[in-house]
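# just need the structure, nothing else, for what follows:
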Amino acid sequence: MSTFALYKLPIVVLRNLFQQFGLAEIFNTSIISRRSQRNVELLMRPGRSLDLHLNVTENSMISVQRNDEYLHVKVVEFAELMEEPTAVSWVNINGTAVPMAIVGQTLYLTDKESALKEVTKHISKVFRCKVQGVSLGDSDSSNMPAWVIDFVNSQQDSIKTLWIDAEDASVDDLSHVLTKVQVSDELQCSLKFSKKGPHPDIQVGQLSMKSFKNEQASWMTIGHLLNLNFEFGDLEETSFRSKDLNVFLKHWMSGGCERLRELHIELKRPMNFNKVLREIDFEVIPFGDVKEFDSKKFNDTVEIRGGVQVRRKTDGKIARLLEEGSDASYFSIYVFE
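Residues are numbered from 1 along each chain as shown. Reported below is the predicted structural model:
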């Protein structure tokens, strides 16, 4: 069988050649040797069009997207193989020879945590990109790999998106994630707790992002909400009371959650609108007074009819609160310039 001295080609030719390679071809070339990894790093342009996502769940996976092309590298332990692999290769991961069995794009290594760290660092170097998003946990598992946040923080300043999903996860692990993470675009939570009694005492740091979604927010307190600064919020199944909404509204009017544009809160019990507005200056708006609003929740332009209007003294922004009757269990606020 004849061989081809790839790296003896001129650098311009090599760069053009790598432009034609698919993501899987680039990755497979990079793990041949340390020299090959260095050459791939030199040939790859900065990955502005690449999206690297770290999915640390039961089926852990590192995903890279380039336009409409995907590379999914699944990382599992040898113990998860149905039978011992017939062939184990020694491949280069960040300059270290690592025993690995490759089936398709599934990498079988001895230790999942260290493998995920090293393979993520390797892919970041090769494709010259940062981790954009992280998914932690499974909906039917208590596993919450909090170490991932420490790892990502050691590699970069922040991530764009974080999704956390678990049932009866450790309060300490959840607190670690929600106090250490720095997320810029979207934080989405789905946390279930089967035990009755007091809500788990989860700690939440001062976080600022474009969007915050919580599908099962019964564990959240008003203190948690006051720690968040977002443009769009959507909270379902909350345990908030009317007096909690009053606290948040005063918080916003005094300059808190200054990025807010739209917020929807589902309550487990009907709210008392008079208690929500207690000690707050407001104006009742006639139903015929209509404002249009580009809603993130409905992904469309909606008409805001009537309601109650409040004004923030710090910057003059006004907000409309919708009143839906005495048994309303939904609180919505829309902020206008």
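
# quick one, longest helix in the protein?
Secondary structure of the chain per DSSP state H: the longest helix is helix 112-127.

# elements contacting the helix or strand just after that one?
Once helix 112-127 ends, the next helix or strand along the chain (criterion: DSSP states H and E) is strand 131-136. Strand 131-136 sits against strand 50-56, helix 147-155, strand 159-167, with contacts defined as 3 or more Cβ pairs under 8 Å, 6 or more residues apart in numbering; DSSP states H and E. (Each C-beta comes from the backbone N, C-alpha and C, glycine too.)

# could the ones you listed be laid out in JSON lines, adding mean pLDDT and distance to Met209?
Shown next, in JSON lines, are the helices and strands packed on strand 131-136 (pLDDT from 0 to 100; distance: least, Cβ to Cβ, whole Å):
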{"stretch": "strand 50-56", "mean pLDDT": "91", "distance to Met209": "17"}
{"stretch": "helix 147-155", "mean pLDDT": "95", "distance to Met209": "15"}
{"stretch": "strand 159-167", "mean pLDDT": "95", "distance to Met209": "9"}
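
# out of those, nearest to Phe282?
Closest to Phe282 of these is strand 159-167 (Cβ to Cβ; 35.3 Å).

# following element in sequence after the closest one, please.
On the C-terminal side of strand 159-167, the nearest following helix or strand under DSSP H and E is helix 171-180.

# could you dump the next helix or strand after that following helix to CSV, C-alpha only?
Counting by DSSP H and E, the element after helix 171-180 in chain order, helix or strand, is strand 183-192. Taking Å, rounded to 0.1, in the frame of the first residue of the first chain, the C-alpha atoms of strand 183-192 are listed here in CSV:
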residue,chain,number,x,y,z
VAL,A,183,-23.7,32.4,31.6
SER,A,184,-24.4,35.2,29.2
ASP,A,185,-27.4,34.2,27.0
GLU,A,186,-29.7,31.6,28.5
LEU,A,187,-30.1,29.7,31.7
GLN,A,188,-32.7,27.0,31.7
CYS,A,189,-33.6,24.8,34.7
SER,A,190,-35.8,21.8,35.1
LEU,A,191,-35.4,20.5,38.7
LYS,A,192,-37.8,18.1,40.3
